Every structure is written in C-alpha cells, then in structure tokens.
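Visitor: Based on what follows, work out the 3D shape:
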Amino acid sequence: MNEAVIVPDASVLLKWSLDSADEKDREKAIAIRSSWISGHCRIILPTLWLYEIGNILGRMKSADLARELLEIYVGYRFEEEVAADLYELILEIMKEHGVTFYDAAYHSVALKHGGTYVSADDKYVHKVLSLGHVASLEDWTAE
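Guide: Predicted coordinates:
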C-alpha cells in the first residue's frame, strides 16, 4: 500500500509554528505534521515553499525568532519537487482557473504524485475543485 501524499502550502505549514487565537484550524495542520512524522503520509512540496515561509517569517518583529523557526522548517528536510519541472501544468492551471503561480505550483505537485494539496485558502480550493487532488484545511481529514 502506498503512503498518502500530502502537499500542504505555506498557509498550512505556518500554522505549525504560529500559535495565536486567530489561527483557524491549527489543530488540523498539526495533525498533518503528526501524520507525516509518524510515517502515515509523505509530504512533498514545490521548492518555492521556503521562499513563501521565509517571506512571512522574515517580516516578524523578532529576527532571532524568524531565524529559529526557519531553521526548524529547513530541518524537516521535506521532499521537494522543482517547480520549473512542472511549469507547463502550473501555467495551465493559472490560465484556466485564474490563480497564482504559487498556489498552482503546490497543486501541480499534488496532481503529479496523486496526492492532496491542502490549503487554508478556501477561495483557491473553490476555484479549482474540478481538478481534484485539493482540500480545504477546514475540511481535511486523515485517510
């Protein structure tokens, strides 16, 4: 039996470290991490994930905390897919659904690997439901 492939985007990954009262569905994001750590699924990300996470963490008031959190994320050593290898699919998704390159990159990784792109961005999920292999974090459940 193949392990499930989960492609969480930055909106999900950041919930692993940003703990505040307004972090909706944080427990579901943590459940994805727990499932991955326990070997019940694989996490595969487009290489641009680090730039998205770094952009948000780099804007934190505490540079030391941002550095520490980035070190933790890099230490996870996620499986990565080079977005440049998927650019044709990414551009197709962008054109047909009116979404960003970034979101389409995560989704294309899920499509390539038969996995599920999980995002807290419900607007994106609604736009691309017809493609499949996508779930809102709010609706996500472990399989």
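
Visitor: in this structure, which spans are helices?
Guide: For the chain, applying DSSP state H gives helices covering 10-13, 26-37, 49-58, 63-75, 87-97, 101-113, 122-128.

Visitor: Using CSV, write out the CA atom coordinates for the shortest one.
Guide: Once side chains and other backbone atoms are set aside, the C-alpha atoms of helix 10-13 remain, and they are given as CSV (Å, rounded to 0.1, in the frame of the first residue of the first chain):
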residue,chain,number,x,y,z
ALA,A,10,2.5,27.9,3.4
SER,A,11,-0.9,28.7,4.9
VAL,A,12,-0.9,25.2,6.5
LEU,A,13,2.8,24.9,7.3
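
Visitor: List the buried residues in stretch 52-59.
Guide: Using 16 or more other CB atoms under 10 Å as the test for burial, stretch 52-59 gives 52, 53, 54, 57. Every C-beta, even on glycine, is put in place using the N, C-alpha and C of the backbone.

Visitor: okay if I get the residues you listed as JSON lines plus pLDDT and distance to residue 100?
Guide: Listed next are the buried residues of stretch 52-59 as JSON lines, based on pLDDT from 0 to 100; distance: CB to CB, whole Å:
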{"residue": "52", "pLDDT": "95", "distance to residue 100": "11"}
{"residue": "53", "pLDDT": "94", "distance to residue 100": "16"}
{"residue": "54", "pLDDT": "94", "distance to residue 100": "17"}
{"residue": "57", "pLDDT": "91", "distance to residue 100": "20"}
